[in-house]
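Asker: heads up, no residue letters with this:
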């Protein structure tokens, strides 16, 4: 497996877990029902909220990746050892939070903050909320991807954006269709565990795949 393949697979897996987090899409379904939005409007608002979230994450991620890329030319030790170590450390932190029973995700959508407002106000509130809640685990992954230069940074940006928005849209659409087979309870209570294990695995792999 090449370094680029590893980066792509890692970004894909992290993005799937991230997009599947119940607090990213269940509140949107609840708002849709409460506000009596039609399917087109709900999916449009979901796309806007998802894009705002990915935009801020990517902007910060590119900055993080840029510094990692600049360092990689002179200090291969940083991106070859320190960067994977950051992923492992972050993974351990997620696992500790999971063990301690911290079930609240770091960028939840709170219905109480946006209900009883006009549609425009709801869209604005959701957009601002999602924009100012970048994804920490992906930010760290940008630093790891920077060892491949702009190729790695762009790959993570594209995959993260597409998977996050597409995943949110799919889950909201399924929820609106009344699909009851979506088992969100397990992921809702084990998201940090899954993310932590995945980060540790990707970090370990980073030591061996250059």
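Answerer: It's in. All values derive from a computational prediction rather than experimental measurement.
Asker: In the chain, what helix or strand scores lowest on average pLDDT?
Answerer: Lowest on mean pLDDT, DSSP states H and E among the helices and strands of the chain sits helix 111-114, with a mean of 52.
Asker: Packing partners of whichever helix or strand comes after that helix?
Answerer: Next helix or strand after helix 111-114 toward the C-terminus (DSSP states H and E): helix 119-131. Applying 3 or more Cβ pairs under 8 Å, 6 or more residues apart in numbering; DSSP states H and E, we find helix 119-131 packed against helix 22-35, helix 39-74, helix 111-114. (C-beta placed from N, C-alpha, C; glycine too.)
Asker: Make CSV out of those and add mean neighbour count and distance to residue 133.
Answerer: CSV is the format used below for the helices and strands packed on helix 119-131 (neighbours: other Cβ atoms under 10 Å; distance: least, Cβ to Cβ, whole Å):
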stretch, mean neighbour count, distance to residue 133
helix 22-35, 19, 10
helix 39-74, 18, 7
helix 111-114, 13, 12
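Asker: and of those, who's closest to residue 93?
Answerer: Residue 93 lies closest, by Cβ to Cβ, to one member of those: helix 39-74, at 17.2 Å.
Asker: Now that closest one: average pLDDT?
Answerer: On average, the pLDDT along helix 39-74 is 88.
Asker: and if you look at stretch 22-35?
Answerer: 82.
Asker: repeat for stretch 173-182
Answerer: 73.
Asker: What separation is there between residue 154 and residue 50?
Answerer: Distance of residue 154 to residue 50, computed by Cβ to Cβ, to the nearest Å: 19 Å.
Asker: sorry, that was for residue 135
Answerer: Per Cβ to Cβ, residue 135 is found 12 Å from residue 50.
Asker: And residue 98, by the same measure?
Answerer: On the measure of Cβ to Cβ, residue 98 and residue 50 end up 25 Å apart.
Asker: what does residue 128 give?
Answerer: Relative to residue 50, and taking Cβ to Cβ, residue 128 is found at 14 Å.
Asker: How about residue 198?
Answerer: 21 Å.
Asker: Same question for residue 82.
Answerer: Note on residue 82: its distance to residue 50, by Cβ to Cβ, is 31 Å.
Asker: What of residue 143?
Answerer: 23 Å.
Asker: Likewise for residue 16?
Answerer: For residue 16, the distance to residue 50 - Cβ to Cβ - is 14 Å.
Asker: so how many other residues sit close to residue 125?
Answerer: If you count neighbours by other Cβ atoms under 10 Å, residue 125 ends up with 17.
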